[in-house]
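> What shape does this take:
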Amino acid sequence: MAYFDTASSAPLHPVARQALQASLDEGWADPARLYREGRRARLLLDAAREAAAEAVGCRPDELVFTPSGTAAVHAAVSGALAGRRRVGRHLVLSAVEHSSVLHAAATHAADGGTVSEVPVDRSGAVSSDVFAAELRGDTALAALQSANHEVGTEQPVAQVAEACRALGVPLLVDAAQSLAWGPVEGAWSLLAASAHKWGGPAGVGLLAVRKGVRFAPQGPADERESGRSAGFENIPAIVAAAAALRAVRAEAAEEAARLRALVDSIRARVPELVPDVEVVGDPLHRLPHLVTFSCLYVDGETVLHELDRAGFSVSSGSSCTSSTLTPSHVLRAMGVLSEGNVRVSLPPGTRREDVEGFLEVLPGVVAGVRERLGAPVGASGGGTRSSLVVDAVGKLCPVPVIELAKVIGDVPVGGTVTVLADDEAARLDIPAWCEMRGQEYVGERAAERGVAYVVRRVS
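Numbers count the residues shown, from 1 in each chain. As a prediction, the model looks like this:
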């Protein structure tokens, strides 16, 4: 079996396992107590905080541990907004932030705050100039991830942080995906991350708040972790998380170069091996271990199951998975194909032969799924009917696009095909199909049944 989903959760690092086992015997007492066992637990907690702060690039007294990365994000957003409430209630964030940031923003909006989402380009990156233009006199907080969790694109954090600093706006960085590879550059104000992303145990997050940032923790008061994260610290897990972060950082340069070469191979060879595939995300400014691609005419959930049966564990941002009935908000914001989406994120130590095995299996898996769904295998000639209507109402991704592809050759060049569909994914996938296949997407309009998507044949 080859586990290729480290962006979701990395396997426990051997150093973390050793640290966890050792600290279970030493770190069980209350670190707030003055007796011997409490002092021993406090020493372990302080050492872990110092190690994590060094990796983050902040002072130890600026960093607290939280029960998860999501808890760190929620605490950062609510605390920073509350601390700057007199300035205003405007929040700026990118359209491709992690769901934890989006959920916090939704809560803020429901409470009467305002939120501006900065769009991204087709690679998934924001423009620092466009982001800066959204900052206002009443902006209380800005949020920008260091790298995207679904496609790996790195964001211009340093440039955005400088724009925020010039206007006195604190910038929150979700560094969950990138922290294992190095510190976040730039004058950020708050940073959140999650230990299970770098090989630490689940249930440990960290939150850094720079000195001078107005911050008012929300919820009932608690004296632990500077009042910013309530509850008894899980010291063994915290120690293991800090040990894992230090260990992966020591290996980061070598592993990044090795995994980047493997990912480059996947990016180059998948389109050669599998027809009608779009590799998404920035090809250069990206995380070294992650690559995402989308395949036309396949059910993403079935592709994942078939790859799992073949021994490869991958994930998907597709609308065609059991976890969601709508396209990934990241892929939607990028305007790229969502159907048949596959994310490969390689853990440290991945062997080239494992990647070669994946590339050997993938074409047959995709071809088999396409055959079962009745996908077209080639373009037909020019037809005589100037327009056709395809009724795909009630059919889910990728069927509307498959039906479109089957009949596009039945109209002459200049003719149109109208697809009636009520699947939300069609709004994203039909324009993406047109761009991939060189056809013209005319637009959409409301219909009696579903939505009518109009495509004009160009070639």
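> for this structure, what spans make up the helices?
Counting by DSSP state H, the chain has these helices, from start to end: 14-26, 36-56, 69-83, 99-110, 128-133, 157-167, 235-273, 300-309, 329-334, 352-373, 399-407, 426-437.
> Throw those into TSV and include mean pLDDT, mean neighbour count and distance to residue 340, thanks.
No exception for glycine: its C-beta is placed from N, CA and C like everyone else's. Shown next, in TSV, are the helices of the chain (pLDDT from 0 to 100; neighbours: other CB atoms under 10 Å; distance: least, CB to CB, whole Å):
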stretch	mean pLDDT	mean neighbour count	distance to residue 340
helix 14-26	95	17	35
helix 36-56	96	18	37
helix 69-83	97	24	28
helix 99-110	97	18	22
helix 128-133	98	17	30
helix 157-167	97	19	31
helix 235-273	97	19	12
helix 300-309	92	19	5
helix 329-334	93	24	11
helix 352-373	95	17	7
helix 399-407	91	22	10
helix 426-437	90	22	9
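> Residue 144: which of the ones you listed is closest?
helix 157-167 (5.3 Å; CB to CB).
> Around the nearest residue to residue 88 once chain neighbours are set aside, count how many other residues there are.
Nearest residue to residue 88 in three dimensions, chain neighbours excluded: residue 138, at 2.5 Å (CB to CB, 6 or more residues apart in numbering). Neighbour count for residue 138, taken as other CB atoms under 10 Å: 11.
> Over to residue 126?
Neighbours of residue 126 (other CB under 10 Å): 26.
> Next, the contact list for the residue nearest to residue 88, please.
87, 88, 89, 90 (CB atoms under 8 Å, 6 or more residues apart in numbering).
> Isn't residue 246 up against residue 55?
Yes. With contacts defined as CB atoms under 8 Å, residue 246 counts as touching residue 55 at a distance of 6.5 Å.
> what does the domain assignment say about the chain?
The record assigns the chain these domain ranges, following automatic domain parsing: 2-248, 253-373, 387-456.
> Between its first and last residues, what's the separation in the longest one?
Its start and end residues considered, domain 2-248 measures 20 Å (CA to CA, to the nearest Å).
> coming back round to it: most surrounded residue in the contacts of residue 138?
residue 90 (22 neighbours).
> Against residue 134, how distant is that residue?
9 Å (CB to CB, to the nearest Å).
> Now do the shared contacts for those two.
residue 116.
> For the nearest residue to residue 89 once chain neighbours are set aside, which residues are in contact?
Excluding its sequence neighbours, the residue lying closest to residue 89 (CB to CB, 6+ apart) is residue 113, at 4.1 Å. Applying CB under 8 Å, 6+ apart to residue 113 gives the contacts 81, 89, 90, 91.
> ok, now residue 136?
So residue 136 contacts 88, 90 (CB under 8 Å, 6+ apart).
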